[in-house]
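Asks: Give the three-dimensional model of this entry:
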Amino acid sequence: MDNPLTKQVSLIELFYDLVFVYMISRATSLIHHLHNGVLSPVTLAIFALVVIVFINSWMVQMVFTNRYGKSSWTNITFSFIDMAIVLYMSNAFTATFDRHLATFFTAAGLLSLTLCLQYLLVYHQATNQVDRQIARAFSGILGLRTVTLLIGGIFNNTVGTAIALVGVIISWIAPGFTGKYTQHRPIIFSHLLERLTALIILMFGETIVGIADYFTPANFSVYSLLIFISVVSLFFTYIVEFDHLIEEKQTTETGNLMIYLHYFILFGISLFTVALKFISEESAQPLFTAGCLYGGTALFYIGLWLANHYNRIIINGRVVSFFIATTIAGFLVASFWPSFATFTISIAVVTLVNAACLTSHMLKHNN
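Replies: As a prediction, the model looks like this:
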């Protein structure tokens with residue numbers, strides 16, 4: 001089937017992305033507060049749940065727009081409705097499993113319903129079998145998620161919450177098994193890459209906001225610069241991979257791997273961001289702080305490594321081994337000699353030398 005190499009990202013799509021700036025801020029606020037020096041398992045679980053629901057909804061909408069999006073009043077109206085729902089959802093959860101979570105489930109169910117309706121319209125309007133199969137698969141997945149989330153919202157009890165969680169997990173994983181249909185209607189890869197890159201920039205924007213307190217007249221020091229260097233180095237590593245090493249002109253990809261690997265990157269940035277706050281808090285347990293800082297960095301690097309599947313310049317085993325060694329070394333240094341100075345110096349050195357290593361690899365093979 002004919003598949004254009006490029007598709008321009010519309011202003012409506014960029015406007016739609018704006019609500020996720022607020023969503024990202026609200027979601028990461030869940031893991032900004034420590035209890036007895038660590039984050040409670042419940043808080044981490046709710047954070048993971050909220051991020052998966054939000055980002056998965058964004059991904060589904062993005063993939064729909066990639067394949068079937070048009071500048072029609074129908075699609076524009078759905079985008080504005082979804083924006084309103086996302087804004088409401090962003091204020092409908094707390095760090096505990098309480099009645100607010102039921103409200104969140106209800107709103108998330110309505111968001112899934114609007115996405116399901118869009119695919120149902122494609123199913124009834126499509127003139128070829130492939131598009132009908134894709135629309136039927138995704139409308140089924142979204143229909144399941146809609147029903148389970150609404151059950152979780154209506155029945156505010158343990159059973160209702162369990163049903164909603166099962167629905168979220170299934171609908172999160174299920175799109176990865178639609179390749180037998182989507183391979184016949186490949187993704188427009190350049191559009192997918194541009195949208196995902198924009199999402200990561202929003203995530204790094206939240207990181208910049210998170211480190212702003214280190215740049216006040218009262219708190220500014222050489223360590224502030226080291227923290228900034230670590231953020232810039234991590235972002236630069238992302239740029240090298242997704243703007244220079246990757247092959248944009250791909251016409252046979254479903255995009256599933258590209259989507260799922262970005263969950264590693266998204267969760268990695270989130271942990272990295274909150275860890276940069278924890279390193280200055282005396283109440284934070286040092287080993288937990290080091291785990292968040294380097295665990296987030298490791299997740300970020302794993303996402304980049306998985307993206308090697310799409311590269312025109314392959315990242316070889318030597319580069320991968322270097323990244324592993326430096327990250328482990330940084331974690332060990334931060335764990336055995338925990339202090340604000342050690343945390344800032346070690347993470348700045350690790351991210352900077354890794355960014356330099358990847359850049360050197362790119363320049364060598366380009367030459």
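Asks: mind listing what's buried in stretch 133-141?
Replies: Taking 16 or more other Cβ atoms under 10 Å as the basis for neighbour counts, the residues of stretch 133-141 that come out buried are 133, 134, 135, 136, 137, 138, 139, 141. No exception for glycine: its C-beta is placed from N, CA and C like everyone else's.
Asks: Mind checking the pLDDT average for it?
Replies: Averaging pLDDT along stretch 133-141 gives 93.
Asks: Pull the helix or strand of the chain with the lowest mean pLDDT out as PDB, backbone CA atoms only.
Replies: Across the helices and strands of the chain, mean confidence by mean pLDDT, DSSP states H and E is lowest for helix 11-29: a mean of 82. Coordinates of the C-alpha atoms in helix 11-29 are reproduced here as PDB (Å, rounded to 0.1, in the frame of the first residue of the first chain):
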ATOM      1  CA  LEU A  11      -0.500  23.200  14.400                       C
ATOM      2  CA  ILE A  12      -3.500  21.400  16.000                       C
ATOM      3  CA  GLU A  13      -1.200  18.600  17.000                       C
ATOM      4  CA  LEU A  14       1.300  21.000  18.600                       C
ATOM      5  CA  PHE A  15      -1.600  22.800  20.400                       C
ATOM      6  CA  TYR A  16      -2.800  19.400  21.600                       C
ATOM      7  CA  ASP A  17       0.600  18.600  23.000                       C
ATOM      8  CA  LEU A  18       0.500  21.700  25.200                       C
ATOM      9  CA  VAL A  19      -1.900  20.100  27.700                       C
ATOM     10  CA  PHE A  20       0.700  17.500  28.300                       C
ATOM     11  CA  VAL A  21       3.100  20.200  29.600                       C
ATOM     12  CA  TYR A  22       0.700  20.500  32.500                       C
ATOM     13  CA  MET A  23       0.000  16.800  32.700                       C
ATOM     14  CA  ILE A  24       3.800  16.100  33.000                       C
ATOM     15  CA  SER A  25       4.100  18.600  35.800                       C
ATOM     16  CA  ARG A  26       1.200  17.200  37.700                       C
ATOM     17  CA  ALA A  27       2.400  13.600  37.300                       C
ATOM     18  CA  THR A  28       6.000  14.200  38.300                       C
ATOM     19  CA  SER A  29       4.700  16.100  41.400                       C
END
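Asks: buried residues in it?
Replies: Burial within helix 11-29, assessed by neighbour count using 16+ other Cβ under 10 Å, is assigned to 12, 13, 16, 17, 19, 20, 23, 24, 26, 27, 28.
Asks: now do stretch 273-291
Replies: Within stretch 273-291, the residues scored as buried using 16+ other Cβ under 10 Å are 273-280, 284, 286, 288-291.
Asks: With stretch 78-93 instead?
Replies: Of the residues in stretch 78-93, 78, 79, 82, 83, 85, 86, 89, 90, 92, 93 count as buried by neighbour count, 16+ other Cβ under 10 Å.
Asks: Now that stretch: average pLDDT?
Replies: Average pLDDT, stretch 78-93: 86.
Asks: what do you get for stretch 312-319?
Replies: The predicted model assigns stretch 312-319 a mean pLDDT of 90.
Asks: Mind listing residues that contact it?
Replies: Contacts with stretch 312-319, where a contact means Cβ atoms under 8 Å, 6 or more residues apart in numbering, come from 244, 245, 246, 247, 305, 308, 357, 358, 361, 362, 365, 366.
Asks: Mind doing that once more with 10 Å?
Replies: Defining contact as Cβ atoms under 10 Å, 6 or more residues apart in numbering, one finds that stretch 312-319 is touched by 240-241, 244-250, 304-305, 307-308, 323, 354, 357-358, 360-362, 364-366.
Asks: Report the contact partners of the most centrally placed residue in the chain.
Replies: Nearest to the geometric centre of the chain sits residue 266, at 3.3 Å (Cα atoms, centre = their mean). Residues counted as contacts of residue 266 (Cβ under 10 Å, 6+ apart) are 24, 51, 52, 54, 55, 196, 199, 200, 203, 299, 300, 303.
Asks: mind listing which of these are in helices?
Replies: Counting by DSSP state H, these place 24, 51, 52, 54, 55, 196, 199, 200, 203, 299, 300, 303 in helices.
Asks: Of these, which pair is most distant in space?
Replies: Comparing all pairs in those by Cβ to Cβ, the longest separation belongs to 54 and 300, at 18.9 Å.
Asks: what does the model give residue 10 for pLDDT?
Replies: pLDDT, residue 10: 82.
Asks: That one: neighbouring residues, count only.
Replies: Other residues within reach of residue 10, judged by other Cβ atoms under 10 Å, total 17.
Asks: What distance do you get for it to residue 66?
Replies: 11 Å (Cβ to Cβ, to the nearest Å).
Asks: about what we covered before: neighbour count winner among residue 54 and residue 300?
Replies: Each of residue 54 and residue 300 has its neighbours counted (other Cβ under 10 Å); residue 300 has more, 25 against 22.
Asks: Look up the closest residue to the more buried one, ignoring the ones flanking it.
Replies: Ranked by Cβ to Cβ, 6 or more residues apart in numbering and with sequence neighbours excluded, the top spatial neighbour of residue 300 is residue 268, at 3.4 Å.
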